[in-house]
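**Student:** Give me the fold of what follows.
(one chain, ligands or ions: 1)
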Amino acid sequence: MQPISNYNQLFEILAGTELAPWIDPLRATLGPAIQQSNNGHLEKWLTALDSLPDVSPSTTALDQSTIQIGRHQDLDTVQQKALPATLHQFHPWRKGPFDFFGTHIDTEWRSDLKWDRLSSAIEPLSDRLVLDIGCGSGYHCWRMAGAGAKLALGCDPFLLYVMQYLAARKYLPSTPAFVLPFGSEDLPSPIPAFDTVFSMGILYHRRSPLDHLYELRSFLRPGGQLVLETIVADGPPGYSLIPDQYYAKMKNVWFLPSPQTLVQWLTRCRYREIKLVDVNQTTTQEQRGTDWMRFESLPDFLDPNDPDKTIEGYPAPKRAILTALAP
Ligand SMILES: C[S@@+](CC[C@H](N)C(=O)[O-])C[C@H]1O[C@@H](n2cnc3c(N)ncnc32)[C@H](O)[C@@H]1O
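**Tutor:** Residues are numbered from 1 along each chain as shown. So this is what the prediction gives:
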């Protein structure tokens, strides 16, 4: 099956909404974006997608910590034996967890813990049009669909994560959750039609964080809800940490504002009803290397003698969740 055919249901949903003008530009750009000819792994990933067993899962669940697809006994013994190696073709698995027919993918991140911190603090997603900017594998998009969203539309320019999404999509063909292979800047022209927009783990990667807040607003209908999650640094209103070069071994970290600075930024961008709903220091239970993500992870990014500091001597990652409404 062509990967593009996984998006037919998306076009049907969009057709009945104010986002209908997105259909033609998405149809034109999706195929080429997935077939990125310069990606040396593409053939391996497409072969792995084709090797996934053609089986209907006896059960699926999108409303618990693990995205659950099928049971071990849905597969014959040959399929059971082959499946883990096929799924390992999509290494590294960063956001999850997932369970494919009894193969538990213990991802680098326990993304369910972030979901638990925010799910009761946001407006219910039931029947909403939801956009998730920088959604990774789409783990949270599946959870949004599990919470009743009419559409959970994610975007992420990193093709491997789109492949991980497509692996789950094979077994969830009618769930209204989609991951587009685009950065936010490559989405069609913004239409202020989404009821909820998520930006999680994105703001600190932006050189112009206020422009990002404006960008997010451009997708929200008036009164729609922004859910913003980002790394913060303790400090007074107005304070923002700008790392010299690396932060937790990441080169592309620009601004780590204090929570109160974030409130100021949102206010300057004319958001209203701004709420700080959670601040949480990331633990090595939530982010760590596993068999499914064999590169360095949080334990390697922290000072071995002081887990409250990064290896560069900055405060260890603390993440805040804020909600706000578009004017
Ligand atoms: C730290 S991860 C956050 C993933 C997920 N939102 C979460 O909270 O678990 C940042 C993601 O942003 C994606 N990304 C990078 N550049 C982007 C862009 N221009 N637009 C949207 N996403 C981008 C990366 O590929 C990565 O998956």
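**Student:** In the stretch 201-327 of the chain, which residue sits nearest the ligand?
**Tutor:** The nearest approach of the stretch 201-327 of the chain to the ligand comes at Gly201, 2.9 Å away (CB to the nearest ligand atom). C-beta coordinates here come from the backbone N, C-alpha and C atoms, glycine included.
**Student:** I figured that residue hits Thr230, correct?
**Tutor:** Yes: the criterion here is CB atoms under 8 Å, and Gly201 meets it with Thr230 at 7.1 Å.
**Student:** Going by how many neighbours each has, rank these two and give me the top one.
**Tutor:** Legend: neighbour count by other CB atoms under 10 Å for Gly201 and Thr230, higher for Thr230 (23 against 19).
**Student:** Parallel or antiparallel, list what pairs with the helix or strand containing that one.
**Tutor:** Here Thr230 sits within strand 220-232, counting by DSSP states H and E. Pairing partners of strand 220-232, with direction, according to DSSP bridges: strand 194-200 (parallel), strand 318-325 (antiparallel).
**Student:** List the strands paired with the helix or strand following it, with their directions.
**Tutor:** Note on strand 220-232: by DSSP H and E, the next helix or strand toward the C-terminus is strand 240-241. Strands that pair with strand 240-241, judged by DSSP bridges, come out as strand 256-257 (antiparallel).
**Student:** The very next helix or strand once past the strand it pairs with versus strand 220-232: what angle between them?
**Tutor:** Once the chain leaves strand 256-257, the next helix or strand it forms, by DSSP H and E, is helix 259-268. Interaxial angle, helix 259-268 versus strand 220-232 (axes from the mean of the first three to the mean of the last three CA atoms, to 10 degrees): 160 degrees.
**Student:** buried ones in whichever helix or strand comes after helix 259-268?
**Tutor:** Downstream of helix 259-268, the first helix or strand assigned by DSSP H and E is strand 272-281. Judged by neighbour count (16 or more other CB atoms under 10 Å), strand 272-281 contains these buried residues: Ile274, Leu276, Val277, Asp278, Asn280.
**Student:** roughly how far is strand 272-281 from the heart of the chain?
**Tutor:** Relative to the centre of its chain, strand 272-281 is centred 19 Å away, using CA atoms, centre = their mean, to the nearest Å.
**Student:** Can you list the helices and strands that it packs against?
**Tutor:** With contacts taken as 3 or more CB pairs under 8 Å, 6 or more residues apart in numbering; DSSP states H and E, strand 272-281 sits against helix 111-118, helix 259-268, strand 318-325.
**Student:** how about whichever residue of the stretch 1-150 of the chain sits closest to the ligand, what does it touch?
**Tutor:** Closest to the ligand within the stretch 1-150 of the chain is Gly134: 3.0 Å, counting by CB to the nearest ligand atom. By CB atoms under 8 Å, 6 or more residues apart in numbering, the contact set of Gly134 is Cys155, Asp156, Gly183, Ser184, Ser199, Met200, Gly201, Ile202.
**Student:** buried subset of those residues?
**Tutor:** Buried members of these, scored by 16+ other CB under 10 Å, are Cys155, Asp156, Ser184, Ser199, Met200, Gly201, Ile202.
**Student:** List the contacts of Pro315.
**Tutor:** Pro315 neighbours (CB under 8 Å, 6+ apart): Ala233, Asp234, Leu241, Asp308, Lys309.
**Student:** whoops, I mixed them up, Arg71
**Tutor:** Arg71 sits next to Pro57, Ser58, Thr59, Phe101, Gly102 when contact means CB under 8 Å, 6+ apart.
**Student:** and the gap between it and Asn39?
**Tutor:** 33 Å (CB to CB, to the nearest Å).
**Student:** Next: Leu10.
**Tutor:** Leu10 sits 22 Å away from Asn39, going by CB to CB.
**Student:** Comparing the two, which residue is more hemmed in?
**Tutor:** More neighbours surround Leu10 than the other of Leu10 and Asn39, with 21 against 14 (other CB under 10 Å).
**Student:** Look up how far Leu75 lies from the more buried one.
**Tutor:** According to CB to CB, Leu10 and Leu75 sit 29 Å apart.
**Student:** What of Ser120?
**Tutor:** 36 Å.
**Student:** Looking at those two now, which is surrounded by more residues?
**Tutor:** Leu75 (20 against 8).
**Student:** Next up, the contacts around the more buried one.
**Tutor:** Shown in contact with Leu75 (CB under 8 Å, 6+ apart): Pro53, Val55, Leu83, Phe101, Gly102.
**Student:** Nearest residue to the first one in space, ignoring adjacent ones along the chain?
**Tutor:** By the measure of CB to CB, 6 or more residues apart in numbering, the closest residue to Pro53 outside its immediate chain neighbours is Gln79, 4.4 Å from it.
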